[in-house]
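> structure for this input, please:
(2 chains)
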Amino acid sequence: MIMSNKKLNTEPYKGVRDFYPEDMAIQQYIFTIWAKTAERFGFVRYDASVLEPSDLYKAKGAENEELVNEQTYSFIDRGEREVTLRPEMTPTVARMIAGKQRELAFPVRWYSIPNFFRYERPQKGRLREFWQLNCDIFGTNDFSSDVEIIALAYQTLIDFGAKPEQFEIHINDRALMNRMYSALGVTESMIVEINRLNDKKNKIDDQSYRTALKEITGDGLMVEEISMMLENSDEQSDVLAGLAELGITNVVFDKFLARGFDYYTGTVFEIVDVSGENNRSLLGGGRFDNLTSMFGGEAVSAIGFGMGDVTMRDFLETHKLLPENLKSAPTVMVIPTESEYNLESQKIAKEIRDQGISVVTNISTKKLGKKISDAAHSGSAYILIVGEDELTSQNFVLKNLQTGEEKSGSLEVIKKFL
RNA sequence: GCGGCUAUAGUAUAGCGGUUAGUGCAUCGGUUUGUGGUACCGAAAGUUCGGGUUCGAUUCCCGGUAGCCGCCCCA
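Sure, this is the predicted structure:
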C-alpha cells in the first residue's frame, strides 16, 4: 500500500451525507412518521440488501438502459459477478413478490425505508445517496387501490403537520393517455418523446413547447390536436372521485404529467410543494401491472410510490414543520464530584438504568459546576450528584433541572421518584 | 457530460492592494476549589491549493480542487 502524507479529508464522499446527531434526529423523526403512517394503513415492513445483481436492472422491460449504465454504482465483485447498488426499490420488491407469488395472499401491502445510490450531479433535492419511503399494493388493479395508495401518500404529509393547501397531488393515467394519443394517430415512439417533453413543460415557454412538439410529430395539424386534447381538462377520473370521497381535494388531473418511464401502465401521480421553494417532486408513483412477469410467473398488478428523505426534509424546513427539539437526552445524569467516584457513579447509574430509565454518567474531568451545566445543555431532566458525602451517608439527592426541585433519600427511595 | 455562482477560525459572517484580519455562535478556562442554564473576564482557532501581476496579494488575474445552483436526467 502506498502511504501518503496527505491528510485525509473529513468531508463525506460527494453527494452522500454524514448524519451527525442533530441530523440523525431529523432523519429518525422522518422515518418514524413514515413507518407509523404506513402501518396505520396496514402496510407491513420489508427490506433487502442494497446490493443487487446488475441483471435486475438490465433485463428487458425492467429499465432504461442509459440510466443503468450511466447513473448506477456498478462494479464487478471478486467472483466476477456484476453487481449494482440499488438505485430504486421497485425491481427488488417485484423480485421478492415474484419469488413468493404462490404463497402470498393478495392483495399484499408492503412498505420499506431503504437507501439508494444514483450516480448523479448533486443539487437541491437530489443527492447520490438518499432514502425513500416505498409503499406498494400488489395483487389488485382495482381503482380503489390507486385511491388507497394516494390517500396514504397524502396522509403521510398530513401526519408531518402539513396542510393540504401546502401541497398538490397531480394525477394522470398512462392507459388513458395512450388511448387518446392513438386516436390522434400518434405512434408509440412519439408518445415516449411527448411524455418526455411534457415532463419539462413548465421549464420552457409555450412557443418552444409547440416547436418541440412539431419536431416530434412533424405535423402541424397534429400539434393542434394534441394541444387541444391536453388542454381540455374535464376528464372523468374514478381515482379523483374516490379521493374526493375520502375528503382529499388538493388533487388535479394533469395530462402533462408523464413520469417518463416505461413500466408504468396506468395511474401515475406526483406530489409537489406549492411554495415554489422546492421544484423537485416530493413523491412519485404509479401503477405497474407487468413488472413481475419478467421473473417468469404470471403478472401481478401493483401500484406504489416512493417518497424521498431529501425532498421531504426540504419540504418540512420550508414550511417550518420540523419540531424544535428532536434530540433525545438521557433522563438522568449521574455526576461524580471527582473522577475517583466515576465507578461508583456507574454502579448507581446501572441500578437506575435497570428499571428502564435512560441514564448517563458524566465522566468528564471538568469541575462539578461545568458538569451540571453540561447536563442542562444536553437536556437531561434530572441530575444525581455522587461524592464523598453521598457515598458515606448513602443519602442521595435527585434534582429536577427544570423546576430546581430536589428530593433526597436512599438509592431505593430515589429510584421511586423516577 | 454542459453552464452560472461561490470559497476568510469548528460554524455563520465582516473587511481590505500595505490591518496586531474584526464579530456572533460553538469549544476550553476563569469569576464560583461540591450545585446548572444568565452575566462578566480570558484563551485557542482562519484567508482552499498552485501559478501570475505587484515593492507588497487574503484582496486583482489565470488554473486546479471543492461546494452551491441550474441544464441533462430523474427509475
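
> in chain A, what residue is nearest RNA strand B?
Minimum separation of chain A from RNA strand B (C-beta to the nearest atom of the strand) falls at residue A:387, amounting to 2.6 Å. In short, each C-beta sits where N, CA and C put it, glycine included.

> so what's that residue closest to, chain neighbours aside?
residue A:337 (3.3 Å; C-beta to C-beta, 6 or more residues apart in numbering).

> in chain A, which residue is most central in space?
Ranked by distance to the mean C-alpha position of chain A (C-alpha atoms, centre = their mean), the top residue is residue A:132 at 2.9 Å.

> confidence score at it?
With respect to pLDDT, residue A:132 has a value of 96.

> which SS state does it fall under?
Classification of residue A:132 by DSSP: H, G, I helix; E, B strand; the rest coil places it in strand.

> can you pull the pLDDT of the nearest residue to it once chain neighbours are set aside?
Spatial nearest neighbour of residue A:132, chain neighbours left out: residue A:306 (4.3 Å); criterion: C-beta to C-beta, 6+ apart. At residue A:306, the pLDDT value in this model is 96.

> residue ranges with poor pLDDT in the stretch 151-300 of chain A?
A:233, A:260 (pLDDT under 70).

> ok, which residues in it are in contact with RNA strand B?
Residues of the stretch 151-300 of chain A found near RNA strand B (C-beta under 7 Å from any atom of the strand) are A:196, A:199, A:200, A:203, A:259, A:260, A:261, A:279, A:280, A:284.

> how many other residues sit next to the fourth one?
Pointing back at residue A:203 there. Other residues within reach of residue A:203, judged by other C-beta atoms under 10 Å, total 9.

> for residue A:167, see how far away it is.
From residue A:203 across to residue A:167, the span is 20 Å (C-beta to C-beta, to the nearest Å).

> then the fifth one?
Counting by C-beta to C-beta, the gap from residue A:259 to residue A:167 is 17 Å.

> tell me which of the two has more neighbours.
Each of residue A:259 and residue A:167 has its neighbours counted (other C-beta under 10 Å); residue A:167 has more, 23 against 17.

> pLDDT score for the residue nearest to residue A:387?
Residue A:337 is assigned a predicted lDDT (pLDDT) of 93.

> isn't it up against residue A:391?
No: under the criterion of C-beta atoms under 8 Å, residue A:337 makes no contact with residue A:391, lying 9.8 Å away.

> give me the phi and psi for residue A:360.
Residue A:360 has phi and psi values of phi -130, psi 150 when expressed as degrees, to the nearest 10.

> how near is it to residue A:307?
Spatial separation of residue A:360 from residue A:307 under the definition C-beta to C-beta is 35 Å.

> same question for residue A:410.
Taken as C-beta to C-beta, the span from residue A:410 to residue A:307 is 52 Å.

> quick one: which of the two has more around it?
Between residue A:410 and residue A:307, counted using other C-beta under 10 Å, the more crowded position is residue A:307 (25 against 11).

> make sure I have this right: the more buried one is in a strand.
Yes: the assignment for residue A:307 by three-state DSSP puts it in a strand.

> residue A:281 is in contact with that one, correct?
No: the pair residue A:307 and residue A:281 fails to qualify as a contact (C-beta under 8 Å) at a distance of 9.5 Å.

> hey, what's in contact with both of these two?
For the pair residue A:307 and residue A:281, residues contacting each of them under the criterion C-beta atoms under 8 Å, 6 or more residues apart in numbering are residue A:271.

> what packs against whichever strand or helix holds residue A:342?
Remark: residue A:342 resides in helix A:342-353, with elements defined by DSSP states H and E. Of the remaining helices and strands, those touching helix A:342-353 by 3 or more C-beta pairs under 8 Å, 6 or more residues apart in numbering; DSSP states H and E are strand A:332-336, strand A:359-361, strand A:382-386, helix A:411-417.

> now do the shortest one: distance to the chain's middle.
Right, strand A:359-361. The chain centroid and the centroid of strand A:359-361 are separated by 33 Å under C-alpha atoms, centre = their mean, to the nearest Å.

> buried residues in it, which are they?
Across strand A:359-361, burial judged by 16 or more other C-beta atoms under 10 Å covers A:359, A:360, A:361.

> in the stretch 101-250 of chain A, which spans are strands?
A:108-112, A:115-117, A:129-138, A:167-173 (DSSP state E, counting those that start in this stretch).

> the second one and RNA strand B, any residue contact?
When you say that, I think you mean strand A:115-117. No: with C-beta under 7 Å from any atom of the strand as the threshold, strand A:115-117 lies outside contact range of RNA strand B, at a closest distance of 8.4 Å.

> strand partners (parallel or antiparallel) of that strand?
When sheet partners are counted by DSSP bridges, strand A:115-117 sits next to strand A:129-138 (antiparallel).

> the partner strand vs strand A:108-112, what angle?
For the pair strand A:129-138 and strand A:108-112, the angle between their directions (axes from the mean of the first three to the mean of the last three C-alpha atoms, to 10 degrees) equals 170 degrees.

> got the buried residues for strand A:129-138?
Residues of strand A:129-138 classed as buried under the neighbour-count rule (16+ other C-beta under 10 Å) are A:129, A:130, A:131, A:132, A:133, A:134, A:135, A:136, A:137, A:138.

> over to stretch A:303-319?
A:303-316, A:319.

> that one close to RNA strand B?
Yes: Stretch A:303-319 reaches RNA strand B (C-beta under 7 Å from any atom of the strand) through residue A:306.

> with stretch A:131-143 instead?
No: no part of stretch A:131-143 sits near RNA strand B under the criterion C-beta under 7 Å from any atom of the strand; the closest distance found is 9.6 Å.

> with just CA atoms, put that stretch into PDB.
As requested, the backbone C-alpha atoms of stretch A:131-143 are provided in PDB (Å, rounded to 0.1, in the frame of the first residue of the first chain):
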ATOM      1  CA  TRP A 131     -33.700   7.100   1.500                       C
ATOM      2  CA  GLN A 132     -37.200   6.700   0.400                       C
ATOM      3  CA  LEU A 133     -40.400   5.500   1.900                       C
ATOM      4  CA  ASN A 134     -41.600   2.900  -0.600                       C
ATOM      5  CA  CYS A 135     -45.200   1.700  -0.400                       C
ATOM      6  CA  ASP A 136     -46.800  -0.800  -2.700                       C
ATOM      7  CA  ILE A 137     -50.000  -2.700  -3.000                       C
ATOM      8  CA  PHE A 138     -49.700  -5.900  -5.000                       C
ATOM      9  CA  GLY A 139     -52.300  -8.200  -6.400                       C
ATOM     10  CA  THR A 140     -55.100  -5.900  -7.500                       C
ATOM     11  CA  ASN A 141     -55.800  -3.400 -10.200                       C
ATOM     12  CA  ASP A 142     -59.000  -2.200  -8.800                       C
ATOM     13  CA  PHE A 143     -59.000   1.600  -8.900                       C
END
